[in-house]
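K.L.:
task: produce atomic coordinates for the following.
(one chain, ligands or ions: 1)
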Amino acid sequence: MITICIHGGAGTILKEDMTPELEKAYLAGLQTALNAGYAVLEEGGTAVNAVKAAVVVLEDNILFNAGRGSVFTKKGVQEMDAAIMRGEDLEAGAVCGIRSVRNPVELAAEVMVNSNHVFLSGKGANDFAIKQGIKLEPDEYFFSQFRYDQWKSLRDSDNYSLDHTHHHLEELMKDKKFGTVGAVACDANGNIAACTSTGGMTNKKYGRVGDSPVIGAGTYANNKTCAISCTGHGEPFIKAVAAYDVSCLMEYKEMSLKDAMNQTVNVKLKNMDGEGGMIGVDAQGNFSMLFNSAGMYRGVKNSEGVDEVAIYG
Ligand code: ASP
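P.N.:
Residues are numbered from 1 along each chain as shown. Predicted structure coming up:
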């Protein structure tokens with residue numbers, strides 16, 4: 001069975017805070033990304049190419065906190081993180097603290113395929129992007145007024161915020177829920193892959209890196225177990241080694257994908273105040289999308305006719 005799942009971030013996403021127009025725009029954005037990824041699988045493409053295709057669409061959509069429309073850091077700039085992993089041979093590529101790169105997931109894939117390394121940061125990663133001819137954009141490309149306003153309300157404090165949780169910015173976040181993006185897929189050959197791309201958390205400290213690009217924390221894929229992409233409060237996700245935790249529960253405790261994800265999201269992370277969720281597939285094409293927050297932008301499509309996008313719990 002071929003399957004792709006995507007997410008566009010998790011947090012306090014409530015129907016009563018959403019306008020019908022915005023809800024429609026989010027669902028349409030998710031569906032377009034899902035279709036792009038699924039088309040790759042349907043044509044016999046690899047899981048890696050499918051997750052990349054879906055995430056590029058989400059990065060280009062200003063509604064989501066990745067690529068264009070990324071959140072602002074404490075210093076008022078955008079620093080993006082991304083990772084990709086291939087379950088067949090555990091090859092992985094990741095970048096963090098990058099600027100100006102139109103599609104961070106493509107740079108992560110470039111690191112995986114065309115460097116001897118797994119993880120590049122900051123200027124080194126940006127220099128590598130230039131050397132590899134990865135598409136760059138000026139600062140204006142990434143700018144969005146709603147995230148700028150969101151940052152302005154936080155910048156004089158030490159608070160930082162999950163993109164769509166209104167702990168500290170109840171008013172501002174009304175009608176403005178957006179998020180980190182990710183995809184996992186199982187292709188016709190039974191190979192799986194995962195990728196995640198994010199602007200991180202609003203008002204994050206200069207140099208702060210969350211779970212998304214950390215292999216094993218926000219992103220992980222192994223044909224023996226699962227492919228996982230996480231979204232939520234990055235610090236607890238790193239401490240829980242969340243994505244790899246699911247893989248371990250499957251590998252060593254022989255849990256199913258669903259049970260393992262439930263254990264990690266609703267027991268382990270919940271006990272650590274780790275708000276958020278994750279999407280996962282295994283090499284049979286089974287999938288699960290779980291979150292302990294009010295909502296998670298998500299979608300799934302497979303060769304058994306499942307084709308859904310959803311937002312709320
Ligand atoms: N996990 C991301 C981070 O901590 C944020 C998110 O998923 O919304 O950087």
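K.L.:
next to the ligand, which bits of this protein? Give me the list.
P.N.:
9, 162-163, 179-180, 198, 200-201, 210-212, 218, 231-232, 234 (CB under 6 Å from any ligand atom). For glycine as for every other residue, the C-beta is placed from the backbone atoms N, C-alpha and C.
K.L.:
of those, just the buried ones, PyMOL syntax please.
P.N.:
Buried subset of these, written as a PyMOL selection, criterion 16 or more other CB atoms under 10 Å:
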select buried, resi 9+162+163+179+180+198+200+201+210+211+212+218+231+232+234
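K.L.:
and which of the residues of the chain next to the ligand is nearest to Y148?
P.N.:
Nearest to Y148 among the residues of the chain next to the ligand is D163, at 13.6 Å by CB to CB.
K.L.:
ok, back up a step: in strands, which of the residues of the chain next to the ligand appear?
P.N.:
G9, T198, T231, G232 (DSSP state E).
K.L.:
between all of those residues, which two are separated the most?
P.N.:
Farthest pair in these, by CB to CB: T198 and G232, 10.7 Å.
K.L.:
turn the ones in strands among the residues of the chain next to the ligand into TSV, columns for distance to E21.
P.N.:
Formatted as TSV, those follow (distance: CB to CB, whole Å):
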residue	distance to E21
G9	19
T198	25
T231	24
G232	26
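K.L.:
which strands or helices does the helix or strand harbouring V57 pack on?
P.N.:
Using DSSP states H and E, V57 falls within helix 47-60. Using 3 or more CB pairs under 8 Å, 6 or more residues apart in numbering; DSSP states H and E, the elements in contact with helix 47-60 are strand 3-11, helix 20-42, strand 80-86, helix 104-114, strand 181-186, strand 192-198.
K.L.:
got the angle between the helix or strand containing C96 and strand 192-198?
P.N.:
Using DSSP H and E, C96 maps to strand 92-98. Angle, strand 92-98 to strand 192-198, by axes from the mean of the first three to the mean of the last three CA atoms, to 10 degrees: 0 degrees.
K.L.:
low-scoring stretches of the stretch 151-300 of the chain, by residue?
P.N.:
161-178 (pLDDT under 70).
K.L.:
mind listing the helices for it?
P.N.:
170-173, 234-239, 242-253, 257-262, 270-271 (DSSP state H, counting those that start in this stretch).
K.L.:
contacting residues around T225?
P.N.:
Residues near T225 by CB atoms under 8 Å, 6 or more residues apart in numbering: V246, S247, M250, E251, D282.
K.L.:
hmm, try it at 6 Å
P.N.:
S247, M250, E251 (CB atoms under 6 Å, 6 or more residues apart in numbering).
K.L.:
out of the ones in strands among the residues of the chain next to the ligand, which is nearest to the ligand?
P.N.:
T231 (3.5 Å; CB to the nearest ligand atom).
K.L.:
mind exporting the C-alpha coordinates of stretch 206-223 to PDB?
P.N.:
What follows is stretch 206-223, C-alpha atoms only, in PDB (Å, rounded to 0.1, in the frame of the first residue of the first chain):
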ATOM      1  CA  TYR A 206      19.100  33.800  18.500                       C
ATOM      2  CA  GLY A 207      20.600  30.400  17.700                       C
ATOM      3  CA  ARG A 208      17.800  28.400  19.300                       C
ATOM      4  CA  VAL A 209      17.200  25.100  17.500                       C
ATOM      5  CA  GLY A 210      14.100  23.000  18.200                       C
ATOM      6  CA  ASP A 211      13.400  19.300  17.600                       C
ATOM      7  CA  SER A 212      12.500  19.500  13.900                       C
ATOM      8  CA  PRO A 213      16.000  19.100  12.400                       C
ATOM      9  CA  VAL A 214      17.300  16.800  15.100                       C
ATOM     10  CA  ILE A 215      17.400  13.300  13.800                       C
ATOM     11  CA  GLY A 216      15.600  11.100  16.300                       C
ATOM     12  CA  ALA A 217      13.800  14.000  18.000                       C
ATOM     13  CA  GLY A 218      11.600  15.700  15.400                       C
ATOM     14  CA  THR A 219      12.400  13.500  12.400                       C
ATOM     15  CA  TYR A 220      13.200   9.800  12.000                       C
ATOM     16  CA  ALA A 221      12.800   7.000   9.400                       C
ATOM     17  CA  ASN A 222      13.800   3.300   9.500                       C
ATOM     18  CA  ASN A 223      12.200   0.700   7.200                       C
END
